[in-house]
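Asker: predicted model and sequence below, questions to follow.
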Amino acid sequence: MTAEFELKKLIRPNILGLEPYRCARDDFKTGILLDANENTHGPALSKVSEFEETLELNRYPDPHQIDLKKQLVDFRNEKPNEYLKNISQDKLRTDNLCLGVGSDESIDMLIRCVCTPARDKMLVCPPTYGMYSICATVNDVELVKVPLTYPEFDLDYEQVLNTITKDASIKLIYLTSPGNPTAKLINVSGIIKLLEAAYKNWNGLIIVDEAYIDFTDDSSEKTSQSMSTLVNQYPNLVVLQTLSKSFGLAGIRLGITYSSSDLSYYLNSMKYPYNISSLTSSVALRATNPNTGLSTMKNYVKEIIQQRKVLLENLQELDRVGRNIGGLDANFIAVEILDKDGNPSNEVANKLYNNLAVHNSVVVRFRGKELNFTGALRVSVGTAEENKTLIEKFKKCLSEL
């Protein structure tokens, strides 16, 4: 059994000694700027719009993004975590954040921060997001798997704790909540129980990927299911979020890592200095503006949650469509496709998937190769009109099987 959590013993020595990149613009932001070898004539565009003028595209973007970080922490601080609602939660600060090019950069950065290639390991709980495996392979880090419980798709707390306390080379645990492809929110009490037990017995980080957290059907106006507001209570907790899902901004590629300020310092020291473009930060600032963007996002989320219920009800009225697999906490659902005997079938599901895409221009996702997902199709929740068309095409293609 290893000693309790100690960040400086967890971080790789080369990262501990890393000097953060600095430039003259950190200290002097105005005047005649001839320090960064930028093109002072401006961008090579025949016509520059008024919006493009405001971005100063010939200049490197702000490496620190404090204004954007402030709006992000204010948004999450509005609603502290539901599970610990009766405990004073230290509010998030801008120094709890590191921004990345999508959550995938954050996943990779955390691995590089603590895992020594060809020696250390990370743990995942399948079925789960495929990029964990890819990033582990790229970084030469062994993947240890402890499946989610079946059919609940919840955290197997005892097995995870037993695994990490027996193997000190495991440095990271990646949990996806709500899950992908399960669409199921992992029980927060189980994660907190694991955080507290792991802190005393294991030197590693528990990373909760909350890409879909805003789609949990949360009726409370005062609390949230997100664990992002708990990173100052639990130094071994990291929470990942993104603007790709609830904010509808997959095209700008912005991921957010919430962690203790100590860990965040090392992550910000590691990141490339200008990884968030001026275009990305400008759009993200508009989307997270408390007076405009946030209300738009919340309205879209309400509509998606409403359509999710209707979509599942309509799908399950069709012959050869079985049960909903997992939960209803994301902007997608997973359903079983059945053979003529009423059993989940990968062969039938794959035929339906191809028929929908090739002959009917409706693209869903075949996920039948995932653990305990035999016969599964994952369907994103579209607009009311898109969902209506989907049901019509599903019915047509099922009749042709």
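Answerer: It's in.
Asker: can we go C-alpha only for contacts and neighbour counts from here?
Answerer: Fine.
Asker: and the nearest residue in space to Thr374 that is not next to it in sequence, helix, strand or coil?
Answerer: In space, and not counting its chain neighbours, Thr374 is closest to Gly368: 4.5 Å by CA to CA, 6 or more residues apart in numbering. Per DSSP: H, G, I helix; E, B strand; the rest coil, the local secondary structure of Gly368 is coil.
Asker: residues near Gly368, how many?
Answerer: By other CA atoms under 10 Å, 21 other residues sit near Gly368.
Asker: ok, it - contacts?
Answerer: Gly368 makes contact with Asn346, Ala349, Thr374, Gly375, Ala376, Leu377 under the criterion CA atoms under 8 Å, 6 or more residues apart in numbering.
Asker: for the last one, which residues make a bridge with it?
Answerer: Per DSSP bridges, the residues bridged to Leu377 are Val335, Phe366.
Asker: quick one: contacts for it?
Answerer: Ala334, Val335, Glu336, Ile337, Ala349, Tyr353, Val364, Arg365, Phe366, Arg367, Gly368.
Asker: what does the first one give?
Answerer: Applying CA under 8 Å, 6+ apart, one finds that Asn346 lies in contact with Ile337, Gly368, Lys369, Thr374, Gly375, Ala376.
Asker: just the buried residues of the residues you listed.
Answerer: Ile337, Gly368, Thr374, Gly375, Ala376 (16 or more other CA atoms under 10 Å).
Asker: and whichever helix or strand Asn354 is part of, how far from the chain's centre?
Answerer: Counting by DSSP states H and E, the element that carries Asn354 is helix 346-360. Remark: helix 346-360 is offset 28 Å from the chain centroid, using CA atoms, centre = their mean, to the nearest Å.
Asker: now stretch 90-103
Answerer: Stretch 90-103 has its C-alpha centroid displaced from the chain centroid by 13 Å (CA atoms, centre = their mean).
Asker: can I get that stretch in CSV, CA atoms only?
Answerer: Provided in CSV are the C-alpha atoms of stretch 90-103 (Å, rounded to 0.1, in the frame of the first residue of the first chain):
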residue,chain,number,x,y,z
ASP,A,90,-14.4,26.8,-1.8
LYS,A,91,-15.3,28.7,-4.9
LEU,A,92,-13.5,28.1,-8.1
ARG,A,93,-10.8,30.7,-9.1
THR,A,94,-9.2,31.4,-12.4
ASP,A,95,-6.0,29.7,-11.2
ASN,A,96,-8.0,26.4,-11.0
LEU,A,97,-8.2,26.3,-14.8
CYS,A,98,-6.1,25.2,-17.7
LEU,A,99,-7.6,25.6,-21.2
GLY,A,100,-6.8,23.2,-24.1
VAL,A,101,-7.6,22.5,-27.7
GLY,A,102,-10.6,20.4,-26.8
SER,A,103,-10.7,18.0,-23.9
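Asker: just the buried residues of that stretch, please?
Answerer: Buried residues in stretch 90-103, defined by neighbour count with 16+ other CA under 10 Å: 91-103.
Asker: coming back round to it: and the two most separated of the buried ones among the contacts of Asn346?
Answerer: Greatest spatial distance among the buried ones among the contacts of Asn346 (CA to CA): Ile337 and Gly368, at 9.5 Å.
Asker: now list whatever residues contact both of those two.
Answerer: Asn346, Ala349, Gly375, Ala376, Leu377.
Asker: pull the contacting residues for the residue nearest to the first one when sequence neighbours are not counted.
Answerer: So that's Asn346. Spatial nearest neighbour of Asn346, excluding adjacent residues (CA to CA, 6+ apart): Gly375 at 4.2 Å. Residues near Gly375 by CA under 8 Å, 6+ apart: 335-338, 344-350, 367-368.
Asker: now with 6 Å?
Answerer: Contacts for Gly375 (CA atoms under 6 Å, 6 or more residues apart in numbering) come out as Glu336, Ile337, Pro344, Ser345, Asn346, Ala349, Gly368.
Asker: by how many degrees do the strand or helix carrying the second one and helix 346-360 diverge?
Answerer: Right, the one you point to is Ile337. If you go by DSSP H and E, Ile337 is part of strand 332-337. With axes from the mean of the first three to the mean of the last three CA atoms, to 10 degrees applied, the angle from strand 332-337 to helix 346-360 works out at 120 degrees.
Asker: okay, strand 332-337 in CSV with CA atoms only?
Answerer: Below are the C-alpha coordinates for strand 332-337, written out as CSV (Å, rounded to 0.1, in the frame of the first residue of the first chain):
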residue,chain,number,x,y,z
PHE,A,332,-27.7,11.1,-27.1
ILE,A,333,-29.4,7.7,-26.3
ALA,A,334,-28.3,4.2,-26.9
VAL,A,335,-30.8,1.5,-27.9
GLU,A,336,-30.5,-2.3,-28.6
ILE,A,337,-31.4,-3.5,-32.1
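Asker: what about the helices in this structure?
Answerer: All helices of the chain, identified by DSSP state H, fall at 7-10, 13-16, 50-55, 66-77, 102-114, 131-138, 157-166, 188-201, 261-270, 278-287, 293-315, 346-360, 384-399.
Asker: could you export the fourth one as CSV, CA atoms only?
Answerer: Listed in CSV are the C-alpha atoms of helix 66-77, where the atom choice follows Å, rounded to 0.1, in the frame of the first residue of the first chain:
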residue,chain,number,x,y,z
ILE,A,66,-8.1,35.4,-17.8
ASP,A,67,-11.3,37.1,-18.9
LEU,A,68,-12.6,33.8,-20.4
LYS,A,69,-11.5,31.8,-17.3
LYS,A,70,-13.4,34.3,-15.1
GLN,A,71,-16.6,33.8,-17.0
LEU,A,72,-16.2,30.0,-16.8
VAL,A,73,-15.6,29.9,-13.1
ASP,A,74,-18.5,32.4,-12.4
PHE,A,75,-20.8,30.1,-14.4
ARG,A,76,-19.9,26.9,-12.4
ASN,A,77,-19.8,28.8,-9.1
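Asker: now it: average pLDDT?
Answerer: The average pLDDT for helix 66-77 rounds to 97.
Asker: can you give me the buried ones in it?
Answerer: By 16+ other CA under 10 Å, the buried positions in helix 66-77 come out as Leu68, Lys69, Lys70, Gln71, Leu72, Val73, Asp74, Arg76, Asn77.
Asker: again with stretch 47-55
Answerer: The neighbour-count check on stretch 47-55 (16+ other CA under 10 Å) flags nothing as buried.
Asker: now stretch 346-359
Answerer: Buried residues in stretch 346-359, counted by 16+ other CA under 10 Å: Asn346, Val348, Ala349, Asn350, Leu352, Tyr353, Asn354, Asn355, Leu356.
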